[in-house]
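Enquirer: predicted model, plus sequence, below.
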Amino acid sequence: MTRILVLISLSDSGIETIKSTPGLPQQEMEFVNRWKQENVLESFFISVSKKEAVLIFQEVDEARTREMIETLPYFPYMEKIDYHVLNKQF
């Protein structure tokens, strides 16, 4: 079973913008919750600092995953995005 692991780091200036824009986190979570309901997002983790996130996608390929990430409201504030195609063993 193929999974796409996405590691995201936000920029320091991006975090400040997000904190000063109250509606932005809610908009971001609408995407995350919709993907969960659509069964394409298997897992979602946020670091304690809220600067990094880990998303694990299923039932989509890497190209589609990249497109989805680019639609996120936080996308302009992302400093680094790593994509890893994995085979789930158990």
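Expert: Structure received.

Enquirer: now residue 88, nearest residue through space, not along the chain?
Expert: residue 1 (4.3 Å; C-beta to C-beta, 6 or more residues apart in numbering). (C-beta placed from N, C-alpha, C; glycine too.)

Enquirer: these two touch, right, the one you found and residue 58?
Expert: Yes - between residue 1 and residue 58 a contact is recorded at 7.1 Å, counting by C-beta atoms under 8 Å.

Enquirer: these two: who's more crowded?
Expert: More neighbours surround residue 58 than the other of residue 1 and residue 58, with 14 against 10 (other C-beta atoms under 10 Å).

Enquirer: which secondary structure elements does the helix ranked longest in the chain contact?
Expert: The residue-count maximum for a helix in the chain (DSSP state H) belongs to helix 23-37. On a contact count with 3 or more C-beta pairs under 8 Å, 6 or more residues apart in numbering; DSSP states H and E, helix 23-37 meets helix 12-19, strand 41-46.

Enquirer: give me that answer again for 7 Å
Expert: With contacts taken as 3 or more C-beta pairs under 7 Å, 6 or more residues apart in numbering; DSSP states H and E, helix 23-37 sits against strand 41-46.

Enquirer: avg pLDDT for the strand it packs on?
Expert: For strand 41-46, the mean per-residue pLDDT is 98.
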